[in-house]
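Enquirer: got a predicted structure plus its sequence, pasted below:
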Amino acid sequence: MAAGGKKPKTANTTAAKKQNRKRLTPELLSLISTATSSAQSFLLQNDIHLLPSQIFSLESLLSSLSSHFPYLPPLLPSISSSFFSSFLSTFSDPSDPQWLRFFRMSHHTFSHLLSLLFPVLSSSLPSFPPDAALAATLFRLSHGASYKSLARRFGFPSSADACRVFYSVCRGINEKLGTLVDFRDNLGRIVVGFGWISLPNCCGVLGLGSFGIEGELLGKNGSVLVQALVDSEGRFLDISAGWPNTVGPESILHQSKLFSGVEESREFLNGPAYELGEGNLIPQYILGDSCFPLLPWLITPFVRSNEEDSFSSAEKEFNAVHSRAMGLVGSAFGSVKARWQLLGRKWKKECVEFFPFVIVTGCLLHNFLIKYSEPMPDDDVVCLKELELPVYEGEVDEDGRRIRDSLAKHLNWVSLRR
């Protein structure tokens with residue numbers, strides 16, 4: 001079996017194709033050639049008015065015909081720069097929905113992003129217009145377009161040039177938008193946001209996202225794991241990307257900058273405690289999934305090893321609030337995968353080295369689009385299966401247990417007052 005699960009071509013397969021071609025009459029071959037030329041012409045003239053999904057379906061059909069009938073006209077000759085030029089002139093209205101469909105943001109927000117990246121792109125890609133380079137990168141992220149498709153559509157000389165443009169723009173996004181992921185900034189806003197959902201002094205929700213890899217490099221269902229901290233509005237506050245799924249959640253946590261920032265340098269979660277009443281002080285904390293250890297600053301849900309043991313009303317209330325909060329992590333990763341469809345697909349194992357870098361790019365753009373109040377495209381709303389991870393079974397920190405019990409009592413009291 002070849003990499004990615006595809007069967008290699010055999011001599012019998014090739015012979016069968018040749019035999020099928022011999023059975024075609026000259027008249028039928030002429031009709032196929034005419035239909036192919038007409039389809040190519042239609043696509044070249046109308047692709048800015050089609051949905052991206054329609055474009056790729058038509059391209060895929062034409063490519064399939066080309067592989068079966070190599071004597072047909074060349075598949076989709078270079079569009080040069082006419083596609084993006086035509087797009088700019090046709091959809092100049094900042095509110096035109098085609099911008100959202102093609103590039104996942106309005107013309108107005110695209111212009112803001114371009115102004116931020118312009119100095120970097122001008123120096124790193126002097127041979128290519130910065131606006132076309134950015135548009136091509138967003139188009140690939142949004143729809144998983146191939147480098148060959150980018151080269152044809154945005155006027156790059158070759159697929160290799162399109163690849164270089166893509167990674168140069170991703171590098172620029174990481175450089176210029178990196179400050180959008182820093183939960184030390186606006187910590188007051190973050191705490192207030194969680195206060196609205198009855199979580200006093202909470203500074204974020206910590207969870208893991210999974211991004212698939214083709215083949216069996218990391219096992220049968222191999223993936224890259226990303227540890228992320230999000231706020232009550234779904235912004236990423238901290239990202240640790242690139243962990244193989246063979247590494248356990250606790251190991252990822254202990255090797256992350258977030259953990260060292262709390263446990264070692266003490267630069268995170270060092271703000272004032274919150275008094276719940278009756279002298280119960282709650283330090284700044286974050287909520288974590290059950291796969292993580294319970295710590296004084298990382299509060300996980302109540303679990304029972306024996307299914308017959310029932311939860312108290314306070315424990316049930318805490319777990320319910322905790323579960324809703326954990327949904328923020330799933331929604332954030334779901335939005336990233338839905339908006340940037342390239343990240344929702346399995347990556348080839350030979351590209352896995354660059355995958356974490358592109359995932360972070362998608363997360364940074366996610367924060368940027370929240371900042372500019374960009375809506376999710378209607379056709380991209382998907383329901384993602386939650387990542388299944390083992391429950392942490394190590395020792396329980398007693399300070400963490402006390403803080404969780406206090407929060408549970410507080411949340412139960414709040415629910416009774418409603």
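Expert: Good, I have the coordinates. Just so you know, these numbers come straight off a predicted model, no measurement behind them.

Enquirer: can you report how many residues lie near His366?
Expert: 24 (other C-beta atoms under 10 Å). Placement of C-beta: from N, CA and C, glycine included.

Enquirer: actually Ser159, not the one I wrote
Expert: Residues near Ser159, counting by other C-beta under 10 Å: 15.

Enquirer: over to Arg140?
Expert: Based on other C-beta under 10 Å, the number of other residues close to Arg140 is 25.

Enquirer: was I right to think it contacts Ala151?
Expert: No: applying C-beta atoms under 8 Å as the test, Arg140 and Ala151 come out as separate, 11.1 Å apart.

Enquirer: after the biggest helix by length in the chain comes which helix or strand?
Expert: The longest helix of the chain (DSSP state H) is helix 313-339. The element immediately downstream of helix 313-339 (helix or strand, assigned by DSSP states H and E) is helix 355-371.

Enquirer: ok and that following helix relative to helix 313-339, angle-wise?
Expert: 100 degrees (axes from the mean of the first three to the mean of the last three C-alpha atoms, to 10 degrees).

Enquirer: helix 355-371 - contacts with which helices or strands?
Expert: Judged by 3 or more C-beta pairs under 8 Å, 6 or more residues apart in numbering; DSSP states H and E, the packing partners of helix 355-371 are helix 107-124, helix 130-143, helix 159-177, strand 223-230, strand 236-244, helix 313-339.

Enquirer: for the last one, which positions count as buried?
Expert: Neighbour counts using 16 or more other C-beta atoms under 10 Å place 314-319, 321-322, 325-326, 328-330, 332-339 of helix 313-339 among the buried residues.

Enquirer: for the protein, which strand is longest?
Expert: strand 202-212 (DSSP state E).

Enquirer: any idea how far it is from the chain center?
Expert: 12 Å (C-alpha atoms, centre = their mean, to the nearest Å).

Enquirer: could you list the domains of this structure?
Expert: 3-68, 86-179, 181-417 (automatic domain parsing).

Enquirer: how about these in TSV, adding mean pLDDT?
Expert: Output for the domains of the chain, formatted as TSV (pLDDT from 0 to 100):
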stretch	mean pLDDT
domain 3-68	64
domain 86-179	93
domain 181-417	89
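
Enquirer: quick check: the residue nearest to the spatial centre of the chain vs Ser111, distance?
Expert: Most central in the chain under C-alpha atoms, centre = their mean is Val336, positioned 3.2 Å from the mean C-alpha point. In this structure, Val336 and Ser111 are 23 Å apart, going by C-beta to C-beta, to the nearest Å.

Enquirer: excluding chain neighbours, give the residue nearest to Lys176 in space.
Expert: Leu116 (4.9 Å; C-beta to C-beta, 6 or more residues apart in numbering).

Enquirer: quick one, phi psi at Gly155?
Expert: Gly155 adopts backbone torsions of phi 80, psi 30, taken as degrees, to the nearest 10.

Enquirer: Ala133 is in contact with that one, correct?
Expert: No: with contact defined as C-beta under 8 Å, Gly155 does not reach Ala133; the gap is 10.3 Å.

Enquirer: those two - which one has more neighbours?
Expert: A direct count of neighbours by other C-beta under 10 Å for Gly155 and Ala133 places Ala133 higher, at 27 against 21.

Enquirer: tell me the contacts of the residue lying closest to that one once chain neighbours are set aside?
Expert: Excluding the flanking residues, the one nearest Ala133 by C-beta to C-beta, 6+ apart is Val165, at 4.9 Å. By C-beta atoms under 8 Å, 6 or more residues apart in numbering, the contact list for Val165 reads Leu125, Phe128, Ala133, Ala136, Thr137, Leu150, Phe156.

Enquirer: what is the most widely separated pair among those?
Expert: Between any two of the contacts of Val165, the greatest separation by C-beta to C-beta is 13.3 Å, found for Leu125 and Leu150.

Enquirer: looking at the two now, which is surrounded by more residues?
Expert: Taking neighbours as other C-beta under 10 Å, Leu125 and Leu150 compare with Leu150 leading, 24 against 19.

Enquirer: surely the more buried one is in contact with Arg164?
Expert: No: look at Leu150 against Arg164 with C-beta under 8 Å: they stay out of range, at 10.9 Å.

Enquirer: from Gly209, how far out is the spatially closest residue to Asp131 that is not a sequence neighbour?
Expert: Leaving aside its sequence neighbours, Asp131 sits nearest to Leu114 (C-beta to C-beta, 6+ apart; 5.8 Å). As defined by C-beta to C-beta, Leu114 lies at a distance of 28 Å from Gly209.

Enquirer: more neighbours, the two?
Expert: Shown here are Leu114 and Gly209; by other C-beta under 10 Å, Gly209 has more neighbours (24 against 15).

Enquirer: please name the bridge partners of that one.
Expert: Val226 (DSSP bridges).

Enquirer: over to Ser240?
Expert: Applying DSSP bridges to Ser240 gives these bridge partners: Gln227.

Enquirer: quick one: residues contacting it.
Expert: Val226, Gln227, Ala228, Ile252, Gln255, Ser256, Lys257, Leu258.

Enquirer: adding neighbour count and distance to Val352, write the residues you listed out as CSV.
Expert: Putting the contacts of Ser240 into CSV (neighbours: other C-beta atoms under 10 Å; distance: C-beta to C-beta, whole Å) gives the following:
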residue, neighbour count, distance to Val352
Val226, 24, 13
Gln227, 24, 18
Ala228, 24, 19
Ile252, 20, 17
Gln255, 13, 19
Ser256, 18, 20
Lys257, 12, 22
Leu258, 22, 23
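
Enquirer: tell me which of the residues you listed is nearest to Asp289?
Expert: When those are compared for distance to Asp289 (C-beta to C-beta), Gln227 wins out at 10.0 Å.

Enquirer: how much space between the closest one and Lys349?
Expert: From Gln227 to Lys349 the distance is 22 Å (C-beta to C-beta).

Enquirer: and what of Arg339?
Expert: The gap separating Arg339 from Lys349 is 25 Å, by C-beta to C-beta.

Enquirer: try Lys371
Expert: Separation of Lys371 from Lys349 (C-beta to C-beta) stands at 35 Å.
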